[in-house]
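Chemist: All I have is the shape, not the residue letters:
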């Protein structure tokens, strides 16, 4: 296994560990690590030795997540893909949305406890406080990064 193949597989396994499709991670790994600026759909199929259906479905997922970009080249009928450097912000934004949703679930469950002094109630309250903290601090970090990038 080459270093590139190992990296692609490691990114796939990382994705799989978090309940996402391993193939999505493998595609992302390929687009991040290849020396090519653009990779065609056919090249992805060949390099990853996977079916067109599997590649197509996972590319659509990555496009929706804004982790990759699709573009065309004038005079060429092929679709090309590249890693998107905007993905960090879209990931943070989607995590903030998920954080709010999960926090609401914890809050609703915690309201059902009769004993507000129980260890379980206190533990869940602490998780809710952590989600509050994330909701407040993540946007600040995003803005700080943008500011640093402008000045750097």
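Modeler: Yep, that arrived. A quick note: this is a predicted structure, and the numbers were derived from the prediction, not measured.

Chemist: Pull out the buried positions in stretch 12-26.
Modeler: 12, 15, 20-26 (16 or more other C-beta atoms under 10 Å). Backbone N, C-alpha and C define where each C-beta goes, glycine included.

Chemist: With respect to residue 110, which of these is nearest?
Modeler: Nearest to residue 110 among the buried residues of stretch 12-26: residue 20, at 28.9 Å, using C-beta to C-beta.

Chemist: Quick check: that closest one is in a strand.
Modeler: No: using DSSP: H, G, I helix; E, B strand; the rest coil, the secondary structure at residue 20 is coil, not a strand.

Chemist: what's stretch 105-116 in contact with?
Modeler: Residues from elsewhere that reach stretch 105-116, judged by C-beta atoms under 8 Å, 6 or more residues apart in numbering: 120-121, 124-125, 127-128, 131.

Chemist: Just name the shakiest helix or strand of this protein by mean pLDDT.
Modeler: helix 87-111 (a mean of 83; mean pLDDT, DSSP states H and E).

Chemist: any idea where the helices of the protein begin and end?
Modeler: With DSSP state H as the criterion, the chain has helices at 3-17, 22-33, 41-48, 52-64, 87-111, 119-151.

Chemist: Buried deepest among those, which one?
Modeler: With neighbours defined by mean count of other C-beta atoms under 10 Å, none of the helices of the chain is more surrounded on average than helix 22-33, at a mean of 22.
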